[in-house]
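1. Compute the structure for the input listed below.
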Amino acid sequence: MHSLPKEELSQDFRDYNIMDCTNCQPKTCRVSGSCGIEKFNSTEVIEDYLEPKNQIILLAAASLVDNGKAGTLSRLQETILFIKRMDYKKVGLAYCYGMEKGAKLMKEKFKAEGIRLRTVSCTVGGINQDKINASSCTEKVSCNPLGQARELNDEKVDFVIIMGICLGHDILLQRNLKSDFTTFVVKDRVFNNAPLKAIS
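-> Modelled structure (predicted):
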């Protein structure tokens, strides 16, 4: 691996020795090797990739984009193929109640592919907000990401698809899942669930 001479690094890199790939001009890592700023040991990272548990996922992911496939599949198609390649037997869908229409459509799409989804709404358990949020006095039903995680764990799912869970709640859900997971939809109420529009 080649490292970039310090004088060729961007000003931010030289002054602060911080990682800021967007500010890098030579883009050395795209063509010839290391810029020399990263803190990790590449040999150790390669060893991690070669562990069987990581190889399985890496190969499944590569099958979706290699050999000219990149950009030819929708996220839905990728998810279905990934599930089949990984041979996940039990698949869960943790969704926001506000996206239940989409969750039902997802269930039908997956059913047509021979995959049965275990769908768990964010309001599962019907727990009131004032029971779990010390600063809340409302008795409205709360979102329950910890309940979603427990339910999916109890179902012993192999894989969870996350659909529109609120920011923060998604962290609690992900921290507590015992399975692999991916996000299918990120909630953005302003930009119709397309957050990239905020920076375009």
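2. contact partners of stretch 57-74?
-> With contact meaning C-beta atoms under 8 Å, 6 or more residues apart in numbering, stretch 57-74 is reached by Tyr49, Glu78, Leu81, Phe82, Arg85, Met86, Asp180. The C-beta positions use only the backbone N, C-alpha and C, and glycine is treated the same way.
3. can you pull the contacts of the fourth one?
-> For Phe82, the contacting residues are Ala60, Ala61, Leu64, Thr182, by C-beta under 8 Å, 6+ apart.
4. Please identify which helix or strand holds the last one.
-> Meaning Thr182. Under the assignment given by DSSP states H and E, the secondary-structure element containing Thr182 is strand 180-185.
5. The first one too?
-> Ala60 belongs to helix 52-65 when elements are defined using DSSP H and E.
6. looking at it, Tyr97 is touching Thr119, isn't it?
-> No. In this structure Tyr97 lies outside contact range of Thr119 using C-beta atoms under 8 Å: 11.0 Å.
7. For these two, indicate the residue with more neighbours.
-> Each of Tyr97 and Thr119 had its neighbours counted (other C-beta atoms under 10 Å), and the higher figure belongs to Thr119 (20 against 13).
8. how about the more buried one, secondary structure?
-> Here Thr119 takes the strand state, with states given by DSSP: H, G, I helix; E, B strand; the rest coil.
9. quick revisit: selecting buried members of the contacts of Phe82 in ChimeraX, what would you type?
-> In ChimeraX, selecting the buried portion of those, with burial taken from 16 or more other C-beta atoms under 10 Å, looks like this:
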select :60,64
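10. could I get the contacts of Phe82 as JSON lines with distance to Ile162 and pLDDT?
-> Putting the contacts of Phe82 into JSON lines (distance: C-beta to C-beta, whole Å; pLDDT from 0 to 100) gives the following:
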{"residue": "Ala60", "distance to Ile162": "18", "pLDDT": "97"}
{"residue": "Ala61", "distance to Ile162": "17", "pLDDT": "97"}
{"residue": "Leu64", "distance to Ile162": "18", "pLDDT": "96"}
{"residue": "Thr182", "distance to Ile162": "7", "pLDDT": "98"}
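11. just the contacts of Phe82 now: which is nearest Gly36?
-> For the contacts of Phe82, the residue nearest Gly36 by C-beta to C-beta is Ala61; the value is 27.4 Å.
12. Walk me through the domains of this protein.
-> What automatic domain parsing lists as the domains of the chain is 13-42, 88-199.
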